[in-house]
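*Asks:* My questions concern the predicted model and sequence given below.
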Amino acid sequence: MKSNNTVDHELNVTSLSVLQTDVAQSDTSNEYTRSEKRTCVIFVSSVIILIAIIIIIILTIIAKETPIIKKSVTTTTTRTTEVLFNVTMTVTEDYPSWNQYGISISIGMILRSVKGITVDDDDHETIYFADSSANCIVRRRSNVAKGEVIAGGNGRGNKSNQLHAPTHTVIDKAKNSIIICDSGNRRVVRWSLQNSSDQQIIASNVTCTDIAIDRDGAIYISDHEQCVVTRWKEGESRGKVVAGGNGKGRGLDQLHYPTYLAVDQDYSVYVSDSNNNRVMKWLKNAKEGIVVAGGRGSGAHMKELNGPKGIFVDQRSNVYVVDSLNHRVMRWSDRSRDIWIVVGGYGDGRASHQLFAPEDISIDRQGNLYVIDDGNRRIQKFEFEP
């Protein structure tokens, strides 16, 4: 028979075993709970990180507004993105390009000081240009190996068959004639393409640098001395001021040595405001111009010009300008406001991809670019790459 002490000892051992078992079970339960909590925390953290990544990707896509670059000049699209009721307009524009290695056009004569150039698309890409030092206007047809003098070339003078340092010519298809900026004689003359002895003085006492013609046949003249552009309609004895005319200066209603100009289908006038290193656009009947290129002082930055000269405006109102002292041709997009170098920009030189103090440009119907490379005394053709 067991003593009371023995019984008590066995009860204590049994109680201790039960207690240890309960503690072990409690520890196991706590460990399981902690494991569940860790799993839950990891899961929630993963979900939060995934959501954050998705939000970043979505915001990146929404915020992305980089133009899509293509080699074409015909397609322009507009994409609209709406975020929290704020509308962002992104202009997507095709970017044209040209072969960067120019082809020298054979003229068959020594070029001295070549100025303005015009391309006649209706006559197999015939080009017309002024040779200021030779006092003549030259025409060169694409199917002929050499150019021909069609106006002047009879020495310097003011007779009906003479010119004095002409700087530009444009074609008047309606009258089968060319209009010449006869700068040295301070006049603008009309020269018949049928009868070389048939000339007419359109304007006198003008220090003409460039001329342009609109779709109605009105003539526009840039006068660098008076810092003004005037429009002359047939039968008028006095031109109407359409740009500048408020003295020499940097104001939006002023010009400082305007040189080349262009007129678009809406009768807006674009002027190379050379000494202000900018290109100005004057809407029809406007009292002030709009700076569409340059105007940040002289320099070689993408948004700067240095002595701008020749100018061409295409049907989409994109502006091509000769950045003469930077030896390059630039293009300003009217829609996207993008700016880039079309040709040149490799320093002055004679290599086929270089220009040296270029003077003027023109573009034919196929998009080919013609550059008067005055410093190299040559005419370069840069072929369009569709």
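*Replies:* Here it is on my side, so go on. Numbers count the residues shown, from 1 in each chain.
*Asks:* Every contact and neighbour count from this point should use C-alpha atoms.
*Replies:* OK.
*Asks:* Out of the helices and strands in this structure, which is least certain?
*Replies:* strand 76-83 (a mean of 36; mean pLDDT, DSSP states H and E).
*Asks:* Sticking with Met50, tell me its helix or strand.
*Replies:* In this structure residue 50 is Leu, not Met. Leu50 belongs to helix 4-63 when assigned by DSSP states H and E.
*Asks:* can you give me the mean pLDDT across that helix?
*Replies:* Within the predicted structure, the mean pLDDT of helix 4-63 is 60.
*Asks:* do the same with stretch 335-354
*Replies:* 93.
*Asks:* Kindly report the same for stretch 229-249.
*Replies:* With pLDDT averaged residue by residue, stretch 229-249 scores 95.
*Asks:* can you list the residues that contact it?
*Replies:* Around stretch 229-249, the neighbours that count as contacts under CA atoms under 8 Å, 6 or more residues apart in numbering are 203, 217-223, 226-228, 253-258, 269, 282, 284-289.
*Asks:* So which bits of that stretch are buried?
*Replies:* Val229, Thr230, Arg231, Trp232, Lys233, Val241, Val242, Ala243, Gly244, Gly245, Lys248 (16 or more other CA atoms under 10 Å).
*Asks:* Please apply the same query to stretch 171-182.
*Replies:* Going by neighbour count (16+ other CA under 10 Å), the buried part of stretch 171-182 is Ile171, Asp172, Ser177, Ile178, Ile179, Ile180, Cys181, Asp182.
*Asks:* Find the nearest non-adjacent residue to the second one, please.
*Replies:* Same thing as Asp172. Counting by CA to CA, 6 or more residues apart in numbering, Asp172 lies nearest to Ile178, which is 5.7 Å off, once chain neighbours are set aside.
*Asks:* how about the one you found, what does it touch?
*Replies:* Residues in contact with Ile178, defined by CA under 8 Å, 6+ apart, are Thr169, Val170, Ile171, Asp172, Arg190, Trp191, Ser192, Leu193.
*Asks:* could you redo the last one with a cut-off of 10 Å?
*Replies:* The neighbourhood of Ile178, defined by CA atoms under 10 Å, 6 or more residues apart in numbering, consists of 128, 137, 150-151, 169-172, 189-193, 199.
*Asks:* next one: whichever strand or helix holds Val342 to chain centre, how far?
*Replies:* When elements are defined using DSSP H and E, Val342 is found to belong to strand 339-344. Averaging C-alpha positions (CA atoms, centre = their mean, to the nearest Å) puts strand 339-344 8 Å from its chain's average.
*Asks:* tell me which residues in it are buried?
*Replies:* Across strand 339-344, burial judged by 16+ other CA under 10 Å covers Ile341, Val342, Val343, Gly344.
*Asks:* Helix or strand: which one has the residue nearest to Asp172?
*Replies:* In this structure, Ile178 sits in strand 177-182 according to DSSP H and E.
*Asks:* how far is the next helix or strand after that strand from where the chain is centred?
*Replies:* Read in the C-terminal direction, the helix or strand following strand 177-182 is strand 187-192, with elements assigned using DSSP H and E. Between the mean C-alpha location of strand 187-192 and the chain-wide mean there is a distance of 32 Å, by CA atoms, centre = their mean.
*Asks:* want to try CSV for the buried residues of stretch 229-249, with distance to Arg328 and secondary structure as columns?
*Replies:* What follows is those, written out as CSV (distance: CA to CA, whole Å; DSSP: H, G, I helix; E, B strand; the rest coil):
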residue, distance to Arg328, secondary structure
Val229, 25, strand
Thr230, 28, strand
Arg231, 30, strand
Trp232, 32, strand
Lys233, 35, coil
Val241, 31, strand
Val242, 29, strand
Ala243, 26, strand
Gly244, 27, strand
Gly245, 30, coil
Lys248, 27, strand
